[in-house]
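Visitor: Give me a model of this one.
(one chain, ligands or ions: 1)
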Amino acid sequence: MKIVRAKDYQELSRKAANVIFAQVVYKPDSVLGLATGSSPIGTYQELVERHRQGDLDFSEVVSVNLDEYRGLPASDPQSYDHFMREHLFGLVNIKPENTYLPNGVAADPNAECARYDALIESLGGVDLQLLGCGRNGHIGFNEPADCFSKGTQLVDLTESTIEANKRFFASADEVPRQAFSMGIRTILHARRILTVISGEDKAQAVRDGLFGPITPQVPLSALQLHPNAIVIVDDAAFHLCVQR
Ligand code: F6R
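Guide: Sure thing, here's the model as predicted:
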């Protein structure tokens with residue numbers, strides 16, 4: 001695992017976009033695993049800018065998102081499907097039929113998880129997985145647990161995650177209590193992983209996840225096992241790791 005430092009969110013976003021840019025230039029038909037939340041927004045803005053400048057072509061790119069809230073249809077403005085269209089898909093030339101997310105309103109959750117894993121496999125796996133990280137060290141919606149999760153699953157969100165995500169909703173009551181999420185095994189199967197972590201509220205997760213023992217209590221720590229993982233951390237998120 002390689003740790004890359006950035007002074008602030010802007011620099012972090014530029015560096016992350018560089019990695020994705022290089023991936024797509026080297027392999028125009030890359031399968032990108034994508035994330036939502038506030039962490040990757042700056043990265044998406046950078047990518048959109050490079051596309052507008054004519055330097056980045058998404059016409060052959062395929063994307064699979066990490067997760068989706070259960071109970072929200074794609075048309076819901078709070079769905080991750082909507083988020084992706086607003087921040088990336090609607091602003092670049094990726095083909096809508098090449099973008100995939102779990103179906104939040106699937107009638108049979110188990111069948112939906114199996115379908116999503118089979119889909120990822122049929123695409124040949126993920127070339128580059130982009131991740132953010134929760135305050136409690138979650139990646140995707142893999143919350144602290146007694147063992148690492150495997151494939152895509154339906155997860156119960158923790159109070160800490162509901163609290164952190166309520167900023168995107170009118171109130172905490174409106175935050176869905178469950179989500180479909182790729183599992184840790186699925187994430188680790190990606191050929192490359194790029195994680196962006198910004199802000200003081202992530203400092204504990206950074207210290208425990210990047211420098212502590214590998215444990216399912218800190219899902220981020222699983223990335224220490226990956227041979228091709230880059231984690232870009234800004235100064236605010238790194239501050240507990242700096243020796244004084
Ligand atoms: C989103 C996701 C989550 C977020 C994490 C951090 O697709 O999988 O793990 O990356 O909750 O969220 P932000 O970036 O909003 O702090």
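Visitor: part of a strand, is residue 216?
Guide: No - counting by DSSP: H, G, I helix; E, B strand; the rest coil, one finds residue 216 to be coil, located in no strand.
Visitor: what about it, neighbour count?
Guide: Around residue 216 sit 17 other residues, with neighbours defined as other C-beta atoms under 10 Å. Quick note: C-beta positions are derived from backbone N, CA and C, even for glycine.
Visitor: how near is it to residue 194?
Guide: According to C-beta to C-beta, to the nearest Å, residue 216 and residue 194 sit 22 Å apart.
Visitor: could you point out which element follows the longest helix seen in the chain?
Guide: The helix that spans the most residues within the chain, counting by DSSP state H, is helix 9-26. Sequence-wise, the next helix or strand downstream of helix 9-26 (DSSP states H and E) is strand 31-34.
Visitor: Now do that next one: everything it contacts.
Guide: If you take C-beta atoms under 8 Å, 6 or more residues apart in numbering as the criterion, strand 31-34 is touched by 20, 23-24, 40, 61-66, 84, 88, 123-130, 182, 187, 190.
Visitor: Show me which positions of it end up buried.
Guide: 31, 32, 33, 34 (16 or more other C-beta atoms under 10 Å).
Visitor: From the chain's centroid, how far away is the longest helix of the chain?
Guide: Its chain's C-alpha centre and that of helix 9-26 lie 14 Å apart, by C-alpha atoms, centre = their mean, to the nearest Å.
Visitor: just the buried residues of strand 31-34 now: which is nearest the ligand?
Guide: Nearest to the ligand, judged by C-beta to the nearest ligand atom, of these is residue 34 at 7.8 Å.
Visitor: pLDDT score assigned to that closest one?
Guide: We note a pLDDT of 98 for residue 34 in this prediction.
Visitor: For it, give its distance to residue 82.
Guide: From residue 34 across to residue 82, the span is 14 Å (C-beta to C-beta).
Visitor: Check residue 115 too.
Guide: Distance of residue 115 to residue 82, given as C-beta to C-beta: 21 Å.
Visitor: what about the two, which has more around it?
Guide: Taking neighbours as other C-beta under 10 Å, residue 115 and residue 82 compare with residue 82 leading, 18 against 15.
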